[in-house]
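Asker: here is a sequence together with a model predicted from it:
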Amino acid sequence: MLTAQRDEDPAIALTVKEEVAANNAIIDAAWNDYFPERVSDEVERQIANSFNASIGGLRAAIEDVNAAMINNDFATATEIAATTLSTEYPKVLNPIEELLDRNRVQAAAANQQSMEEYYLTRNIVIGVMLATVLAGILLAVWLTRGIMRPLSQAQIIANAMAEGKLGNQIDITAKMSLATC
């Protein structure tokens, strides 16, 4: 806009007016997506209301500057830009900066919470995996011993029979169906 004032060309002011209107539409769409549904608490609502109250004054000052430029009254446009526009701009900028600062804090807190939940979930999954591996090892040892003990006894008896010792007793006590065959 300052370039348009330096150029003192009302045609450029018309282009600037169109650009401002397009930017206002973008701002309004973003703001309507945010406010009031995404406001998290009363402090944020007060800051947002402050922005709402001040954006009208800034837009009116910009419109006044553009109107003066379109009417080829660049002295008035410069005066409005130096006074009204320069006082209205901080009224809009400060609430935006406050909202951004609050958003950063909220994002950091949400990130911290999600990281804590991630670590907890990861540790639970690792614990379950370790418990499953340990249970698998214990089951394998139990099954191996259950199979190997009778086989070891059978081998001892078979070796004894091979040496000619036929008086060995065979203890057949099993709960499995193979023992009944």
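Answerer: Received it, and whenever you're ready, just let me know what you need. No experiment lies behind these values; they were computed from the predicted model shown.
Asker: quick one: stretch 80-90 to chain centroid distance?
Answerer: Averaging C-alpha positions (CA atoms, centre = their mean, to the nearest Å) puts stretch 80-90 38 Å from its chain's average.
Asker: measure it end to end?
Answerer: Using CA to CA, to the nearest Å, the end-to-end distance of stretch 80-90 comes out at 15 Å.
Asker: right, and Gln106 touches Arg38 too?
Answerer: No: checked against CB atoms under 8 Å, the pair Gln106 and Arg38 is beyond contact range at 10.6 Å. All C-beta spots, glycine's among them, are computed from the backbone N, C-alpha and C.
Asker: quick one, which of these two is more surrounded?
Answerer: Gln106 (13 against 10; other CB atoms under 10 Å).
Asker: excluding its backbone neighbours, what's nearest that one?
Answerer: Leaving aside its sequence neighbours, Gln106 sits nearest to Ser40 (CB to CB, 6 or more residues apart in numbering; 6.6 Å).
Asker: got a pLDDT number for Gly146?
Answerer: Predicted confidence (pLDDT) for Gly146: 86.
Asker: same question, Gln5
Answerer: In this model, Gln5 is scored at 48, pLDDT.
Asker: what packs against whichever strand or helix holds Met115?
Answerer: Using DSSP states H and E, Met115 sits within helix 86-162. Contact partners of helix 86-162 among helices and strands, from 3 or more CB pairs under 8 Å, 6 or more residues apart in numbering; DSSP states H and E: helix 42-70.
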